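[1] Fold the following.
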Amino acid sequence: MSDAPDATLLVETLYRIAARPSAWDELTHVLDPNGTDPQNLAELSAAAEYARQSRLPGEGPPGAAARGDLAFLVLAASGALIDGNGAAFDLLAAGLGAAEPGQPLILASPANGEALAEGVRRARSEGRQVLFRLDRGVGEAPVFAYASPAALAGARLGAEAQAWPESATVLVFPALEPTAMLWTGIRDSFGLTEAELRLARRLRDGAPIQQAADDLGISVNTARNQLRAVFDKMGLQRQSDLVRVLTELGMVANAMRQDEADPWTARVVESAPPIQLFRLADGRALAWRDYGDPHGLPILFFHEGLGSCLLPPETDGAARALGLRAIAADRPGFGRSDRPLRPYDFDGVAEDMIALCDHLGLERLRITAALSGAPTALETAARLGARVDMVTLISGRAPRAQALARPGVAAQFRARIEANPWIVEALYGIIRYRRSRAMIRDIARRTATAPEDRAFIEAHPAVIDYVSAVIGESLLKSSRATADELRAFRRAHNRPAPEVTAPVVIWHGDDDAFASLDTLKAWLGPRIRETHLVPGAGHMMGLKHWREIMARSAAPPPV
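    Residues are numbered from 1 along each chain as shown. Model (predicted):
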């Protein structure tokens, strides 16, 4: 790993696997099950950036999520929207129409609606790609797009196409340039009319006002009046100021676009309570959300290993009904919380969480943790002592080598990356750049090894939106925290369970291929007072039975 080309080759391989979870077994077979931890991997950051910005050799036509020149929308046979990328929603927002997940695509112009309907009809009946035209209004170039059966579009759009039904139709457009996204933002932010926006665009491109008026078919006096309105709305004084501001904004438009959430993820995040930041004694920020009744019974939540303080969408209402105050924090390095100044360990996380509890004045509380959040939750409970009267673990993972009850590809993959934490930062870093709804859906389906999990995902498509939003928040700043936590798990393999005085309640699926209940029980011993074993459930048990878990958390602790 000392040569940069070797690091680049490794990251290119990881890049393809991250974008195509069905290829996880390719990585599983080459990772040492006993673990290695290379020290000289500084090249990985540069190689990962290379992989993000360029098409990989031998990859073939790049997927839409990896290239900026294609926008796509996927329509079910019923006409309802089932997938798409950010570039397509930018294009619609620029004046073409609107789209809502699960609803038919709506185009602003009736003529465009007819052109779309005819293109989709022909693509489906003829089984081929059909080119159609959408007009964008006076003075704007039309948009030409393809309607294509999903099977044909998949050859061009790569990994994103794997989960689309065969009966779907894919609409493929050229993506808007960054400057086109800029015009939409300026119009919405400053309240410019379409006529004022058209004039500003021509002045930005260097046209004198007389030429701009001629191009737009208006008098020069009308153009001047429109220009004054633009100045007033944007707080400018001169035409040169307008050109300068628009040029500067155009330079950052594309960079800003990559941080925007897709409509599905945005909807989940917007429905949650706002993020709050607590400043720790050493100056670091700890991010958290406050759900439910602010005067209710406090419960401190610890998220899963690739998670954040974003709890399931029904949490706020359910917590209020149960008289609970659910407080969820991003662990150090996850989401919007800063990384610790010392090496990541369970003790340090516990100190940060106790500082948050003290800041909020929580004298009596309960603690709930999901999956890999279990060790830090227990360490926090042990240090808080009598202030905690119950600890709930949802599919808890002990810091021990996990016994794989059913060693499928996904479970083996998880075990191998845990043994090789060095690879996680690169792998999750690439997922951070390549994340799409289709990719997350593919990952969720592959990790849903239990029958109840699979049925739950198929019956509740919104679960994919929530999981995608959580992963997006978890990797917001970097992917380092996931690797840091895995290293902490490895270091703690010989560490006994914390001396928790509060009773421990366990919720676990009896078909969980990722977290061993036997391993957890052996680690905790007599601290466990109550166990809820859910038949047929696996990794997704906590999401499906979330309301039941919350209701039990609100009840008196076991004796």
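
[2] can you pull the pLDDT of the most centrally placed residue in the chain?
    The chain has G472 as the residue nearest its centroid, 2.5 Å off, counting by CA atoms, centre = their mean. Looking at G472, its pLDDT is 85.

[3] Which strands or helices does the host helix or strand of it pack on?
    Here G472, judged by DSSP states H and E, is contained in helix 462-474. Helices and strands touching helix 462-474, by 3 or more CB pairs under 8 Å, 6 or more residues apart in numbering; DSSP states H and E, are helix 263-270, helix 437-447, helix 451-459. Any C-beta I mention is one placed from the backbone N, CA and C, and that applies to glycine too.

[4] ok, G84 to S337 distance?
    Distance of G84 to S337, computed by CB to CB, to the nearest Å: 31 Å.

[5] Surely A212 and Q226 touch.
    No - at 9.5 Å, A212 does not count as touching Q226 under the criterion of CB atoms under 8 Å.

[6] shared neighbours, those two?
    L199 (CB atoms under 8 Å, 6 or more residues apart in numbering).

[7] Within the helices and strands, which one has T392?
    Going by DSSP H and E, T392 is part of strand 388-394.

[8] Which neighbouring elements make contact with that strand?
    strand 365-370, helix 374-384, strand 504-509, helix 546-554.

[9] nearest to R527, of the ones you listed?
    strand 504-509 (4.8 Å; CB to CB).

[10] Let's test this: mean pLDDT of the closest one, rounded?
    In the prediction, strand 504-509 has an average pLDDT of 96.

[11] quick check: mean pLDDT across the helix or strand just after that strand?
    Note on strand 504-509: by DSSP H and E, the next helix or strand toward the C-terminus is helix 517-524. Regarding helix 517-524, the rounded mean pLDDT is 93.

[12] Residues touching the following helix or strand past helix 517-524, excluding its own?
    Next in sequence after helix 517-524, counting helices and strands by DSSP H and E, comes strand 528-534. Here strand 528-534 makes contact (CB under 8 Å, 6+ apart) with 452, 503-510, 517, 521, 541, 545, 552, 557-559.

[13] Just the buried ones from these, in ChimeraX syntax?
    ChimeraX command restricting the contacts of strand 528-534 to the buried ones, with burial defined by 16 or more other CB atoms under 10 Å:
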select :452,503,504,505,506,507,508,509,517,521,541,545,552,557
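
[14] What distance do you get for the nearest residue to Q129 once chain neighbours are set aside to G102?
    Once flanking residues are discounted, Q129 sits nearest to S148: 4.3 Å by CB to CB, 6 or more residues apart in numbering. To G102, S148 is 21 Å away according to CB to CB.

[15] Show me which of these two is the more surrounded one.
    S148 (27 against 12; other CB atoms under 10 Å).

[16] okay, now S337: neighbour count?
    Neighbour tally, S337, other CB under 10 Å: 26.

[17] can I assume it is in contact with L286?
    Yes - counting by CB under 8 Å, L286 is a contact partner of S337 at 5.1 Å.

[18] Quickly list what's touching both of the two.
    329-330.

[19] Please identify the most buried of the helices and strands packed on helix 462-474.
    When you average the neighbours per residue for each of the helices and strands packed on helix 462-474 (mean count of other CB atoms under 10 Å), helix 437-447 leads with a mean of 22.

[20] what's it packed up against?
    For helix 437-447, the packing partners by 3+ CB pairs under 8 Å, 6+ apart are helix 409-419, helix 451-459, helix 462-474.

[21] Look up which helix or strand the residue nearest to Q129 falls in, please.
    strand 143-149.

[22] per the record, what domains does the chain have?
    70-174, 179-257, 264-406+449-554 (automatic domain parsing).

[23] Same list (those) but as JSON lines, adding distance to Y428.
    What follows is these, written out as JSON lines (distance: least, CB to CB, whole Å):
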{"stretch": "domain 70-174", "distance to Y428": "16"}
{"stretch": "domain 179-257", "distance to Y428": "22"}
{"stretch": "domain 264-406+449-554", "distance to Y428": "4"}
